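Novice: My questions are about this predicted structure, shown below with the sequence.
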Amino acid sequence: MDPLVVMVPMEPAPDGNGLAMRAARFVSGASAHFSVVVAVVPVGGSQHYRPATERQAPAVVVPVLAGGATRGGGDFASSPVWRSRLESALPFPPPANRAPPTMAAEVVAAIADAGVAPGTPLHVMRSNLAPLGLAVAEHLGSPWCTLDLDDDDEAVAASLGGGELASAYHRLLATFGPLFDGVCAAAPLEASAIRQRFGFEVAVVRNAVVVPAEITRHPAVPPELLFVGNLDYPPN
């Protein structure tokens, strides 16, 4: 099968948080058509790497340390295109500033050890990794590069009173969103809002779960529902 790199801010895990579960479902689906290598750039929370035998995602998982590496920074300083992009987008929102595009060489070196060759397409998850993902795609000469926003980060930041953070997300997506070959979000409302705000197309790729082959029902027992979620997050 053809290779595909999936860049994520935390390791895909079907028993993790919402983003980890979404990433796991995407990797599982993509693995039916591609040989997937997952590049984990940990800006989405603490990482707990499990042994390969315990991982659910059918893919090679490559950890890449985040923290503002600058190897190859001279390439960006000498590029008028990247200087213009960074002048428009900086300063990045706090999670994104730990994985700047100058880390592209580190990411490419890490995934090369996993067998990724130039010309491999790339799928990036979350806006925080958009600048780095685009830089990696350019280093690889990827034939296409797509971006999964999952949430509307600007709107979430604004709803929590973070005007400066919301502005940072706006600059980031206004600069880098149109440069991807495809952009998606998890829900129609978010996709529509992003589309109206920036003018580029946003597809809807809903969250999904694996439905058990058999479901045992107990109609005589009063139904109970347990909701597990972060209640600081407005949709929850």
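Specialist: Nice, thanks for sending it over. Keep in mind it's a predicted model, so treat the numbers as computed, not measured.

Novice: what does the average pLDDT come to for stretch 107-121?
Specialist: Mean per-residue pLDDT for stretch 107-121: 93.

Novice: And it, end to end?
Specialist: Distance across stretch 107-121, first residue to last, is 14 Å (C-alpha to C-alpha, to the nearest Å).

Novice: May I see the buried residues of that stretch?
Specialist: Residues of stretch 107-121 classed as buried: 107-108, 110-111, 116, 120-121 (neighbour count, 16 or more other C-beta atoms under 10 Å). Just so you know, the C-beta spots here come from the backbone N, C-alpha and C atoms, and that holds for glycine as well.

Novice: Filter those residues down to just the ones in helices.
Specialist: Members of the buried residues of stretch 107-121 lying in helices (criterion: DSSP state H): 107-108, 110-111.

Novice: biggest separation within those residues, which pair?
Specialist: V108 and A110 (7.4 Å; C-beta to C-beta).

Novice: Show me the helices in this protein, by range?
Specialist: For the chain, the helices defined by DSSP H occupy 18-30, 73-77, 80-89, 104-112, 130-140, 153-159, 163-176, 188-198.

Novice: export these to a markdown table and tack on distance to V37?
Specialist: Output for the helices of the chain, formatted as a markdown table (distance: least, C-beta to C-beta, whole Å):
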| stretch | distance to V37 |
| --- | --- |
| helix 18-30 | 10 |
| helix 73-77 | 23 |
| helix 80-89 | 25 |
| helix 104-112 | 6 |
| helix 130-140 | 11 |
| helix 153-159 | 25 |
| helix 163-176 | 22 |
| helix 188-198 | 27 |
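
Novice: ok, now which ones touch the residue nearest to F180 when sequence neighbours are not counted?
Specialist: Counting by C-beta to C-beta, 6 or more residues apart in numbering, L147 is the residue found nearest to F180 once chain neighbours are left out, at 4.3 Å. Shown in contact with L147 (C-beta atoms under 8 Å, 6 or more residues apart in numbering): 123-125, 127, 130, 133, 176-177, 180, 182-184.
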